[in-house]
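[1] give the three-dimensional model of this entry:
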Amino acid sequence: MPKWTLLLLLATACTACEPDSDPPLDDSDEPHETDTPGPSEECEQIEVGPSSGILSLAVELTDIPTVVRVSWQTAAPSAGRVEYGDSEVYDRATPELAAATSQSVLVRGLRQQHDLHLRVVTAADDHEICTSDQQISTGSLEPTLPWIALSEHDPAQAAGGFTIAPLITGATDLVVILDDEGEYVWAYPVSANYRARLAQGGDSLLVNVGATGPDDQAKILRIGFDGSRMSETLVQGGHTDFVQVGPTTFGSIAWIVCADGQEPVDLGMAIVEVEEEGAERLIWSDFDVIPPSATCELVSGREWPGSAMEDTSSALNGLSYDPEADAYYATARSWNGVLMVDRPTGQTAWVVTSDHRVEQRIEPPMDLLAAPHSVERVGDTFLVLNEGWPGGPVYANVLELAVDATAGTAEEAWSWSPDELESIDMLGNAQRLWNGGTLAVWATAGRMDEAGPAGDTVWRVDAAMGTRIGFAERVQDLY
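    Here you go, the predicted structure:
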């Protein structure tokens, strides 16, 4: 029996155990999962078969060879889960699946070439039943994975969890997931990707492939943990960043042209919303803040004769969404600013910038902002990653910005800087973690740092020279 698959009774053998460079579209969904329970202390071990509560069981690798699919059938609708670990201790468990007779779950977060022990636990009358111990070994991921090394780690202070990150190598670009020790647990090739996120519900990953200009189309890909391409959403002129607003709704930065008839007048940037089925609407554009140089109308999809990367007035580069305020926050590199947009009305709530072209602005202290590239709300303040200026006077840092729109003030509430890093010149983001620490992604430097709640560096990974890291995200688990 091959080592990579274990089949019992009615199970079917795996027919595709190597990643496909262009996986087919797959709109199937995993069964509903509830909260993750701890491993059970006691269960009645049974033999799988027609006369038992569990009729069949299949354990196999997916097209992503560090992800294990476990499928089983029961005689009556039953809730169930998979408990797993490095031995028969089973110190981890998947979320509980709602009652059904046919169940399937993907076990993820596993390292390459790893020996796994698992069992299925399901409800039966007034107690739980479980299978005997099943064993399977994970395979190797994409062989061109760039070198990554964990150089700092304080497990007592670090938040732990998994880091989802695009790696831009100039050869094979990838979306990867690293565990808390910087080891690869998932990888998928996607060219020209800038942002990767865990989808709401935890059943898939969302990745954007940026457009080259306003007449090009970006893509937001929904990728299953098994490597299936579940959906592809087009965004006209979509740029570096996007955010999931609802189950099938995405907000995105996009280029947009203001034209007088057939004549392009100005190139701007917008916040647009797209639905997974294709509908798109404009929320806001930087022409709302700085009017175009001549009378013109906004036109989506129009070609721009110059450089799309250099000719916009705002150069929006980072985007986040706050469901509590129902508002978008964005960074604008050309304005050296941060802004808030009310989502229902599309009105500019405030802009923190020293750019005198922005008439209605909140003036920050000198050198507070230095090429900001990401922003997210954290309580009453806003976490910003500054790319910094080459040679100073402000180097790359993470800034917590306190904004009082009523008083018209913006000031530093907290900041943190890494060692021996002056500036980065593209991408990068910061994220406040659940333990009070802060993840900082120094994109073109090929480094990710975690500052602990006290400000010490408690986790650091460095990538191979020439590897850029896109907008990354830390999550507590992958379910």
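
[2] mind checking pLDDT for the residue with the shortest distance to the centre of the chain?
    Geometric centre of the chain, nearest residue: R197, 1.5 Å, by Cα atoms, centre = their mean. For R197, the pLDDT comes out at 97.

[3] just give the nearest non-adjacent residue to it, would you?
    L206 (4.7 Å; Cβ to Cβ, 6 or more residues apart in numbering). Glycine gets a C-beta too; all of them are placed from N, C-alpha and C.

[4] before we move on, what about D380?
    Per Cβ to Cβ, 6+ apart, closest to D380 is A402, 7.2 Å.

[5] surely the one you found touches V384?
    No. Using Cβ atoms under 8 Å, A402 is not in contact with V384, being 11.2 Å away.

[6] more crowded one of those two?
    Set A402 next to V384 and count neighbours by other Cβ atoms under 10 Å: V384 wins out with 27 against 13.

[7] ok, the helix or strand G268 falls within: who's next to it in the sheet?
    Element membership of G268 [criterion: DSSP states H and E] is strand 263-275. Strand pairing for strand 263-275, determined by DSSP bridges: strand 249-260 (antiparallel), strand 280-285 (antiparallel).

[8] compare the ones you listed and give me the one nearest G470.
    Nearest of these to G470, taken as Cβ to Cβ: strand 249-260 at 13.7 Å.

[9] now do that closest one, average pLDDT.
    pLDDT averaged over strand 249-260 gives 96.

[10] could I get the CA-only coordinates of it as PDB?
    In PDB, the C-alpha atoms belonging to strand 249-260 read as follows (Å, rounded to 0.1, in the frame of the first residue of the first chain):
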ATOM      1  CA  THR A 249     -17.900  41.200  -1.500                       C
ATOM      2  CA  PHE A 250     -14.400  42.600  -1.900                       C
ATOM      3  CA  GLY A 251     -13.000  46.200  -1.600                       C
ATOM      4  CA  SER A 252     -10.100  47.000  -3.800                       C
ATOM      5  CA  ILE A 253      -7.700  49.800  -4.800                       C
ATOM      6  CA  ALA A 254      -7.900  50.500  -8.500                       C
ATOM      7  CA  TRP A 255      -6.600  52.900 -11.100                       C
ATOM      8  CA  ILE A 256      -9.200  55.100 -12.800                       C
ATOM      9  CA  VAL A 257      -8.900  57.600 -15.700                       C
ATOM     10  CA  CYS A 258     -10.700  60.900 -15.900                       C
ATOM     11  CA  ALA A 259     -11.300  61.600 -19.600                       C
ATOM     12  CA  ASP A 260     -12.700  64.400 -21.800                       C
END
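
[11] would you mark the buried spots in that strand?
    249-259 (16 or more other Cβ atoms under 10 Å).

[12] one step back: which neighbours do A402 and V384 have in common?
    Between them, A402 and V384 share no contacting residue under Cβ atoms under 8 Å, 6 or more residues apart in numbering.

[13] quick one: contacts for the residue nearest to R197?
    196-199, 220-223, 242, 244, 250.

[14] next, format those residues as a markdown table and append secondary structure and distance to A308.
    A markdown table is the format used below for the contacts of L206 (DSSP: H, G, I helix; E, B strand; the rest coil; distance: Cβ to Cβ, whole Å):
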| residue | secondary structure | distance to A308 |
| --- | --- | --- |
| A196 | strand | 23 |
| R197 | strand | 24 |
| L198 | strand | 29 |
| A199 | coil | 28 |
| I220 | strand | 19 |
| L221 | strand | 22 |
| R222 | strand | 26 |
| I223 | strand | 27 |
| F242 | strand | 17 |
| Q244 | strand | 25 |
| F250 | strand | 21 |
